[in-house]
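Q: here is my input; please provide its structure:
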Amino acid sequence: MTHTVPKNRHEKVSEDPPTPAISSAHVRSTVIAVQKQPRKILTPDPKITSESNRKDQVYGIENVLKEDLELERRKKPSFQKPIEKRSVKNLSHRSIFGLHKDRCPKGTVPILRTTKKDLIEEKNSLTSSIFLEDIPGVHVAEIAISSKFGPYYSIFGMNSVYNPRVTAKGQMSLSHMWVQNGPVDTNNKISIGWHVCPELYGDQDSHVYTSWTRDNYRKTGCYNIRCPGFVQIHKNMYPGARLKNVSSYGGPVFGFDSSITQDPVTKNWWIGEKGHFMGYFPAKLFSNMNSADKVGFGGRTLTPKGSPSPPMGSGHFPDENFYHASFYKWINVENLTRDFGPEKYQIENYIDHPKCFGVSYYGKLQKKFGYTLQFGGPGGNCGN
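A: As a prediction, the model looks like this:
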């Protein structure tokens, strides 16, 4: 049977089950080599090549029953994403996720092994509230797209990957994009990006992460798949994966595309990475996520009260050069009627300490970069 995809969210959808064929997500893993310019970001089209195939650590494989796999096939999203139709190269599956040679057998998905210590460390990380603002030790350099242009159903962007130095206990540095809805006390939120969090992983590497909550991280939510929530469907990409290749100031620059998109039929929120769906957050997890009233992009750091903040992104301020500061490019969002790149007048800037971190939204540059954001900084004594 076939499934009719609505032209917009007002159109009635047929009641046939969704097609089992999963279309390519907004995401393509890339290595970006931009021809060097003195300062300007308006450079020739990036040369995109495959990343090296260095073997990564595999944390474990968990069998999935055939019945469960069939159920997941039926749950695959019933939408086509206009944002995915872009002039970029779709690369092979050997990527930053590091499971090319160690790809999971058919009928299995990769699962990070979780110990009791891991769960304790994760709870400490979440209760430290890096996702909350106006508390000691949290610093923010982000943009949000104003709620008056919503509601929102999808966001997309290509993010450069760095490895900021995080040394002190209780520190974290992250780059992410997010969707949220609701007042502060009952805020529902999903985020995806990369972070350096030694307490969570036991190393100082950069890792892909996802997180969710339905009460502003007070009692619900977690990272990755360390509590009931995220449903893993991809056999060789998973939240928590270590990123093999990271960018360097001056180049080369490594990055990956990601997306958060709501299925208009099931209301599940799908996470896209590297041209495929990694998995989804079921609608039933949330109390108020039939849509998002605000979406955003940028970075955050966390440090214990009274100690210097770690760097954010590349550790350098925005300067209109993609070889220097961390960035999101090809930013795109979808509201009730269309998908679009946000203009400058639609953007709200959030930055709490401009001497430590910066954020600059450039709007649309050209087709090679689209709607673009730079953010980050060296950190230091930022005032807690």
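
Q: going forward, measure contacts between C-alpha atoms and count neighbours the same way
A: Will do.

Q: show me where pLDDT drops low in the stretch 51-200 of the chain?
A: 51-134 (pLDDT under 70).

Q: P310 is in contact with N381, isn't it?
A: No: P310 is beyond contact range of N381, at 9.4 Å (criterion: Cα atoms under 8 Å).

Q: ok, these two, which is more surrounded?
A: Set P310 next to N381 and count neighbours by other Cα atoms under 10 Å: P310 wins out with 27 against 14.

Q: OK, contacts around that one?
A: Contacts for P310 (Cα atoms under 8 Å, 6 or more residues apart in numbering) come out as 164-167, 171-173, 301-303, 378-380.

Q: let's see that with 7 Å instead.
A: 165-166, 173, 301, 379-380 (Cα atoms under 7 Å, 6 or more residues apart in numbering).

Q: those strands in the stretch 251-384 of the chain, which residues are they?
A: 253-262, 269-273, 276-281, 294-302, 326-335, 339-340, 347-351, 358-364, 371-376 (DSSP state E, counting those that start in this stretch).

Q: those: which one's closest to V196?
A: Within the strands of the stretch 251-384 of the chain, the stretch nearest V196 is strand 294-302; the backing value is 9.6 Å (Cα to Cα).

Q: show residues contacting that closest one.
A: Defining contact as Cα under 7 Å, 6+ apart, one finds that strand 294-302 is touched by 130, 137-147, 171-181, 309-310, 312, 375-376.

Q: switch to 8 Å and redo it
A: Strand 294-302 is contacted by residues 130, 137-147, 150-152, 155, 170-181, 309-313, 328, 359, 373-376 when judged by Cα under 8 Å, 6+ apart.

Q: just stretch 332-345 next, same as before
A: 8-9, 82-83, 145, 149-157, 330-331, 361-364, 370-371.

Q: filter these to the buried ones?
A: Among the contacts of stretch 332-345, those scoring as buried are 83, 145, 150-157, 330-331, 361-364, 370-371 (criterion: 16 or more other Cα atoms under 10 Å).

Q: give me the number of residues near the nearest residue to G229 once chain neighbours are set aside?
A: Leaving aside its chain neighbours, G229 sits nearest to F281 (6.0 Å; criterion: Cα to Cα, 6 or more residues apart in numbering). By the measure other Cα under 10 Å, the count of residues near F281 is 23.

Q: one step back: select only the buried ones of the contacts of strand 294-302 in PyMOL?
A: The buried subset of these, as determined by 16+ other Cα under 10 Å, is captured in PyMOL by this line:
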select buried, resi 130+137+138+139+140+141+142+143+144+145+146+147+150+151+152+155+170+171+172+173+174+175+176+177+178+179+180+181+309+310+311+312+313+328+359+373+374+375+376
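
Q: from the contacts of strand 294-302, which land in helices?
A: Judged by DSSP state H, helices contain none of the contacts of strand 294-302.

Q: wait, doesn't the residue nearest to G229 sit right on F230?
A: Yes: if you go by Cα under 8 Å, F281 and F230 touch, sitting 4.8 Å apart.

Q: in contact with V246, which residues are there?
A: Per Cα under 8 Å, 6+ apart, neighbours of V246: 161-163, 206, 253-255.

Q: among those, which two are most distant?
A: Within these, S206 and V253 form the most distant pair, 14.4 Å apart (Cα to Cα).

Q: which one's more surrounded, those two?
A: Per other Cα under 10 Å, whichever of S206 and V253 has more neighbours is S206, with 26 against 22.

Q: just give me the neighbour total for E343.
A: Here the number of neighbours of E343 (other Cα under 10 Å) works out to 13.

Q: and it, what pLDDT?
A: In this model, E343 is scored at 96, pLDDT.

Q: give me the contact list for the helix or strand containing W212.
A: W212 is part of strand 207-213, with elements assigned from DSSP states H and E. Residues outside strand 207-213 that contact it (Cα under 8 Å, 6+ apart): 187-196, 220-224, 229, 239-243, 286.

Q: just the residues you listed: which are in strands?
A: Using DSSP state E, the subset of these located in strands is 188-196, 222-223.

Q: now, the most widely separated pair of those?
A: N188 and V196 (23.6 Å).

Q: more neighbours, these two?
A: Neighbours per residue (other Cα under 10 Å) separate N188 from V196, with V196 holding more: 28 against 25.

Q: list the residues that contact the residue nearest to the more buried one when sequence neighbours are not counted.
A: Nearest residue to V196, sequence neighbours excluded (Cα to Cα, 6+ apart): S206, at 4.8 Å. Neighbouring residues of S206 by Cα under 8 Å, 6+ apart: 161-163, 194-197, 242-243, 246.

Q: tell me which two of those sit farthest apart.
A: By the measure Cα to Cα, C197 and V246 form the most distant pair in the contacts of S206, at 15.3 Å.

Q: contact partners for the residue lying closest to K305 once chain neighbours are set aside?
A: Leaving aside its sequence neighbours, K305 sits nearest to G137 (Cα to Cα, 6+ apart; 5.3 Å). G137 sits next to 301-306, 309, 384 when contact means Cα under 8 Å, 6+ apart.

Q: over to K329?
A: Applying Cα under 8 Å, 6+ apart, we find K329 in contact with 157-159, 369-373.

Q: redo that, cut-off 6 Å
A: Contact analysis of K329 by Cα atoms under 6 Å, 6 or more residues apart in numbering lists 157-158, 369, 371-372.

Q: run through the bridge partners of it.
A: Beta bridges link K329 to M158, judged by DSSP bridges.

Q: pLDDT score for it?
A: pLDDT, K329: 96.

Q: I figured the residue nearest to G229 hits K267, correct?
A: No: proximity of F281 to K267 does not meet the contact threshold set by Cα atoms under 6 Å, at 9.3 Å.

Q: before we move on, back to that, among the contacts of S206, which one sits closest to Q262?
A: Checking those one by one against Q262 (Cα to Cα), the nearest turns out to be W194, at 21.0 Å.

Q: re earlier: list buried residues within the contacts of S206.
A: Neighbour-count burial within the contacts of S206 applies to 161-163, 194-197, 242-243, 246; the criterion is 16+ other Cα under 10 Å.

Q: kind regards, and thank you for your time.
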